[in-house]
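Participant: no sequence on hand, only this structure:
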């Protein structure tokens, strides 16, 4: 059963991309602190960015959380309020501790790879459930770090084409043997909506900021087949909306500079 505190733990932070409240076993990995998260459901930090809801909707709670842990520069034990030493990732460490995970191994190379947007794009175009949540987290942190929609609309357009994709989970993709793929599915869906809403916030697009208002009922009843059908239609409208907005602002793939930095 979910502990309410876990909503503000590393498990539910976009910096720990390959896990969520119901997805991913064992240790996680934090991109912000570049550290292994030995017990992600028991740790947090003042920079928490929740996966399950858009940042602007939970801003007050996040500010209170940041104030509670303001004295700590890094990862903190949630209940003990004591700093946790960073654990830098290496394949040797992962194999010695028997925690090697292929997806975590790829994410740990993020700060060593080339332009950020290329790394982010490499997670698009699949139906694997864990990769789906990684993709949404990476796009959201890219937007948040850039603090603008203008460098992100291309990533969002690609992402929009997958919002009705049916994520698949193997038994080992889930947090534990007692977790269900249905619960993991909704972790992915809410992360997808949060991405679109945060883009809408950055771009000043009410159509995306309040995109959940366009769903007639399947979201409230957790009816994925019905929601998937609605999303299949909605993504066409939202795609046009993002393109028209970028065109009206004069930035639609015009004079783009190569992204050579990390975000």
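Facilitator: The structure has been received and is ready for your questions. Because the structure is a prediction, the values reported are computed rather than measured. Residues are numbered from 1 along each chain as shown.
Participant: looking at it, residue 197 is touching residue 210, isn't it?
Facilitator: Yes - between residue 197 and residue 210 there is a contact under CB atoms under 8 Å: 7.3 Å. To be clear about C-beta, it is placed using only N, CA and C from the backbone, and glycine gets the same treatment.
Participant: looking at those two, which has the bigger crowd around it?
Facilitator: Comparing residue 197 with residue 210 by other CB atoms under 10 Å, the one with more neighbours is residue 197, at 22 against 14.
Participant: mind listing what the more buried one touches?
Facilitator: 54, 56-57, 208-212 (CB atoms under 8 Å, 6 or more residues apart in numbering).
Participant: also residue 119?
Facilitator: 110, 113, 138.
Participant: okay, who's weakest in those residues by pLDDT?
Facilitator: Within the set of these, pLDDT is lowest for residue 113 (78).
Participant: need the next SSE after the helix or strand residue 200 falls within, C-terminal direction.
Facilitator: According to DSSP states H and E, residue 200 maps onto helix 181-203. Counting by DSSP H and E, the next helix or strand C-terminal to helix 181-203 is helix 206-209.
Participant: can you give me the buried ones in whatever helix or strand comes next after that next one?
Facilitator: Per DSSP H and E, the first helix or strand lying C-terminal to helix 206-209 is helix 218-221. If you call a residue buried by 16 or more other CB atoms under 10 Å, then helix 218-221 has these buried ones: 218-219.
Participant: same check, this time on stretch 210-218
Facilitator: 211, 218.
Participant: which other residues reach that stretch?
Facilitator: Taking contacts as CB under 8 Å, 6+ apart, the residues outside stretch 210-218 that touch it are 193, 196-197, 200, 207, 219, 223-224, 226-227, 230, 234, 238.
Participant: which of these lies closest to residue 248?
Facilitator: Ranked by distance to residue 248 (CB to CB), these are led by residue 207 at 13.6 Å.
Participant: so what's the closest one closest to, chain neighbours aside?
Facilitator: Counting by CB to CB, 6 or more residues apart in numbering, residue 241 is the residue found nearest to residue 207 once chain neighbours are left out, at 5.2 Å.
Participant: got phi/psi on that neighbour?
Facilitator: When quoted as degrees, to the nearest 10, the phi and psi of residue 241 stand at phi -60, psi -40.
Participant: quick check: buried residues in the helix or strand of the chain with the lowest mean pLDDT?
Facilitator: The weakest-scoring helix or strand in the chain, judged by mean pLDDT, DSSP states H and E, is helix 116-121 (a mean of 87). Across helix 116-121, burial judged by 16+ other CB under 10 Å covers 116-117, 119-121.
Participant: mind checking how far it is from the chain centre?
Facilitator: Here helix 116-121 is found 14 Å from its chain centre; the criterion is CA atoms, centre = their mean, to the nearest Å.
Participant: again with stretch 175-191
Facilitator: 14 Å.
Participant: ok, now stretch 7-16?
Facilitator: 9 Å.
Participant: contacts only, for the residue lying closest to residue 147 once chain neighbours are set aside.
Facilitator: Once flanking residues are discounted, residue 147 sits nearest to residue 202: 7.6 Å by CB to CB, 6+ apart. Residue 202 makes contact with 143, 147-149, 152 under the criterion CB under 8 Å, 6+ apart.
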